[in-house]
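Visitor: A structural model of the following input is requested.
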Amino acid sequence: CGSHPETRDHMSAAMFQVGDAVEVQGLTKAEVLHLNGKKGKVSSPLTEGYYRLQMADGKSLDVRPRHLRAESETSIGRFAPVQGKDLGDCKGWTLIIPAVSVGNVAQIAVDILLTTAKLEKIGYWYGPSVVPILCNDPLATKPKRVKPKITLSVEFFRCSKRKVIVVQRRAPLVRGGAKMFVSNLLAWAKKLGFATTVLASSSHARYAENSSQSRFWCTHVEADQTIKDVVEELKIPFMSLDGTPSRETKAHVPNNSAVLTSLMSNPNPIETKRGGAPTAAELLRFNTGMTKEFLAQCVVAKIKTIALLAQVNEGDNMEDGQNMAQALTVLVAKLQGKGSQPFLPPSKPMKIPFAYNHVYGPEPDRRIYT
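Guide: Numbering: from 1, shown residues only. Below is the predicted model:
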């Protein structure tokens, strides 16, 4: 399908936004060959199959998307809006990002949020750090409700009423791609002025402190008093990133240098022989995906972030995902201040995409237990 010109134009239509620096390429007709390599800026959105460019010499030029490329190579990765959608002003909003971690709890939670709250898809992320995939509608609750929509590796959804952007990732990162993916995503978020970033993740329950009965624990970077007060109000066990094992750390101000040292080291929780509870860095050591990299870069970039982690084991993690979905909405509502309501009210039944019915197979024959 990529060989048809109209298809290529449709696929690349959302690649450029007004103000983007672009370069003309691929023109083959003799009368316009001289335009190849010319640079300009997009001055108007896609109209009737063409972008209008403001060229360096001051002239305007209408060019099809397939004959343009970003002047700054797309290898850095970037956000692209769905055609007809506008990201708008996100200053002061909350950004929710899932990490692919133990039990895929964060992905399950986000799918439940998207399906139940019916959030609006506004764009996707493209770049070389994410394995490209293409699939059908993954959020339908019944086979008959599957919509003919294309789903890509990383997509963005919006809840304007609650001022929240939710990211969903359905593909792994390429080997060694976490640093690039996180770096560019955080640069994008910082540029847009998000007030708080919420990272959803999970860690192995078997490494948790034996005395902890909580399903969740949290840690944070560049936290203000609001985050600390919310953590205390919700009674979420907190662990500092600077190697402090104690969970009684409300007033603790971590040293950023110690935080980075702790995150970048590779302790093995199994071999930790301190006699006490493992540190946050130790809990993040195994199967927490990009969580460590994300938090480390938030320290460097000074981005206000709270990470909420479920303590789980691999298996049927649907219930863990439901608990995480509810916890995320309550956490975000509390962070946004007095009067804000969760976009997933406790009284509203959660909707689970029917595709999850095929994850674990049929129920076992109950006779094996008798």
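
Visitor: Buried residues, stretch 307-319. List them.
Guide: Ala307, Leu308, Leu309, Ala310, Gln311, Val312, Asn317, Met318 (16 or more other Cβ atoms under 10 Å). (C-beta placed from N, C-alpha, C; glycine too.)

Visitor: The last one against Met350, yeah?
Guide: No: counting by Cβ atoms under 8 Å, Met318 sits too far from Met350 to count as a contact (10.0 Å).

Visitor: so how many other residues sit close to the closest residue to His67 other than its chain neighbours?
Guide: Nearest non-adjacent residue to His67, counting by Cβ to Cβ, 6 or more residues apart in numbering: Gly26, 4.9 Å away. Using other Cβ atoms under 10 Å, Gly26 has 11 other residues around it.

Visitor: which stretches of this structure have low pLDDT?
Guide: The chain contains residues with pLDDT under 70 at 1-15, 71-77, 209-214, 243-277, 361.

Visitor: quick one: the helices in it?
Guide: Assigned by DSSP state H, the chain shows helices spanning 5-12, 105-117, 178-192, 225-233, 256-264, 280-283, 291-301, 318-335.

Visitor: Can you add distance to Ser153 and give these back as a markdown table?
Guide: Below are these laid out as a markdown table (distance: least, Cβ to Cβ, whole Å):
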| stretch | distance to Ser153 |
| --- | --- |
| helix 5-12 | 14 |
| helix 105-117 | 12 |
| helix 178-192 | 10 |
| helix 225-233 | 30 |
| helix 256-264 | 26 |
| helix 280-283 | 27 |
| helix 291-301 | 17 |
| helix 318-335 | 20 |
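
Visitor: Please identify which of those helices is closest to Trp217.
Guide: When the helices of the chain are ranked by proximity to Trp217, the top entry is helix 280-283, at 7.6 Å, counting by Cβ to Cβ.

Visitor: For the residue lying closest to Gln168 once chain neighbours are set aside, give me its contacts.
Guide: Using Cβ to Cβ, 6+ apart and skipping the chain neighbours, the partner closest in space to Gln168 is Val110 (4.9 Å). By Cβ atoms under 8 Å, 6 or more residues apart in numbering, the residues touching Val110 are Ile96, Pro98, Val166, Val167, Gln168, Ala200, Ala325.

Visitor: One more: Leu53?
Guide: Val22, Val24, Gly40, Lys41, Val42, Ser43, Ser60, Leu61, Asp62, Val63, Leu68.

Visitor: again, but for Gly289
Guide: Ala99, Val100, Ser101, Ala178, Ser201.

Visitor: What of Val32?
Guide: Val32 touches nothing, counting by Cβ under 8 Å, 6+ apart.

Visitor: What of the one 5 residues further on?
Guide: With contacts defined as Cβ under 8 Å, 6+ apart, Gly37 is in contact with Glu23, Val24, Gln25.

Visitor: In strands only, show me those residues.
Guide: Glu23, Val24 (DSSP state E).

Visitor: Can you tell me which of the contacts of Gly37 are classed as buried?
Guide: Buried among the contacts of Gly37 by 16+ other Cβ under 10 Å: Glu23, Val24.

Visitor: okay, the contacts of Gly37 in JSON lines with distance to Leu344 next?
Guide: Converted to JSON lines, the contacts of Gly37 look like this (distance: Cβ to Cβ, whole Å):
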{"residue": "Glu23", "distance to Leu344": "44"}
{"residue": "Val24", "distance to Leu344": "47"}
{"residue": "Gln25", "distance to Leu344": "45"}
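
Visitor: ok, back up a step: now the contacts of Val110 in a markdown table, with distance to Thr219?
Guide: Shown next, in a markdown table, are the contacts of Val110 (distance: Cβ to Cβ, whole Å):
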| residue | distance to Thr219 |
| --- | --- |
| Ile96 | 16 |
| Pro98 | 16 |
| Val166 | 21 |
| Val167 | 19 |
| Gln168 | 22 |
| Ala200 | 13 |
| Ala325 | 20 |
